[in-house]
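Asker: The sequence and its predicted three-dimensional model are supplied below.
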Amino acid sequence: MPFPEERSKLLFLMRSRFSDSQRIPAFAGLLILTIFAAAPSRAVAGPAPQAVATFNSYIDTVESRLAQQHRSQNTFLAPIASAQQSDQRLRRGELIVEQLTPSTGSVFSGAMLHHWRGTAFAPGAKAADFERLMKDFAAYPQRFSPQVLQASVLSQRGDRFQAVMRVRQKHVITVVMDTAYDIEFGQLDARHGYSIARSTRISEIDAAGTRSERALSAGEEHGFLWRLNTYWSCEERDGGLYMQIESVSLTRSIPTGFAWLIRPFVESVPRESLEFTLRSTCNALRK
């Protein structure tokens, strides 16, 4: 975290600047970057081995549960625990988003784990439509704009792909990252399909789109996103397609003393990104 005198200055600036509502967005972005950049370097240079091991263990649990779900038509989609009359709400066009992040153990060794699930319904769509859409990586920049800037396939073996994407996250501040994924598709039958995307590389890009563009080193990155796994499940019934997406991500933890300011930013980005992806997929299937 910042030195005591730096921290006092930041707190003073927050109190004085936040009184001017027109300056909040720009100043908040600068403040977030300042706080993250001023934190100890050991917290910046990538996730600690213990954090990676804990994340991998959590992923094993998630994937074991999903594998069990995908063995039966009756359990293919996870039940929506907190939603009454969920099917009717979904068919009316509502997205139902749930936070699955465990209440304990989500913060560890300088990192934070985020787990969200979203469910939606696309009327008239079929499982085969979903698979074709998700395998058409070249169309991602159009279908998932403005979050996806570029996308391409490096290799393909049957239903297994290695793909790279340049993505942009904008929430007070704008962050551009180059990401690489191992992706596989599968199905129980013609009406039930799934996909698994596991990140293999995530690099934060400085000055993206300019002559000065470069990938930041591990010691320079801010730790906005270290790992991201995405799991899709879809079931064709009721004249359309029910879809669920789960995202599990690992980010840098919040510097001590600034949770009240940074936590809403850090926790809102995974949810908003999931909602955007789910809604964009529904829109693409309708077209």
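Answerer: Cool, got the structure.

Asker: Show me the helices in the stretch 101-250 of the chain, by range?
Answerer: 127-135, 140-143 (DSSP state H, counting those that start in this stretch).

Asker: What are the contacting residues of the longest one?
Answerer: Surrounding helix 127-135, the residues in contact under the criterion C-beta atoms under 8 Å, 6 or more residues apart in numbering are 122, 139, 143, 161, 185, 187, 190-193, 195, 232, 234-236, 241, 243, 281, 284-285. No exception for glycine: its C-beta is placed from N, CA and C like everyone else's.

Asker: Kindly check the end-to-end length of stretch 210-225 for me.
Answerer: One end of stretch 210-225 sits 22 Å from the other (C-alpha to C-alpha, to the nearest Å).

Asker: Kindly report the same for stretch 147-166.
Answerer: Termini of stretch 147-166 sit 9 Å apart (C-alpha to C-alpha).

Asker: Return the set of buried residues in that stretch.
Answerer: Buried residues in stretch 147-166, counted by 16 or more other C-beta atoms under 10 Å: Q147, V148, L149, A151, F161, A163, V164, M165, R166.

Asker: In strands only, show me the residues you listed.
Answerer: Mapping those onto strands (DSSP state E) picks out V148, L149, A151, F161, A163, V164, M165, R166.

Asker: residues in contact with the nearest residue to the first one once chain neighbours are set aside?
Answerer: It refers to V148. Nearest residue to V148, sequence neighbours excluded (C-beta to C-beta, 6 or more residues apart in numbering): Y140, at 4.6 Å. By C-beta under 8 Å, 6+ apart, the contact set of Y140 is V148, A151, M165.

Asker: Tell me, what's the model's pLDDT at Y140?
Answerer: What the model reports for Y140 is a pLDDT of 98.

Asker: so where's this protein uncertain?
Answerer: For the chain, the stretches with pLDDT under 70 are 1-45, 82-83, 104-105, 255-266.
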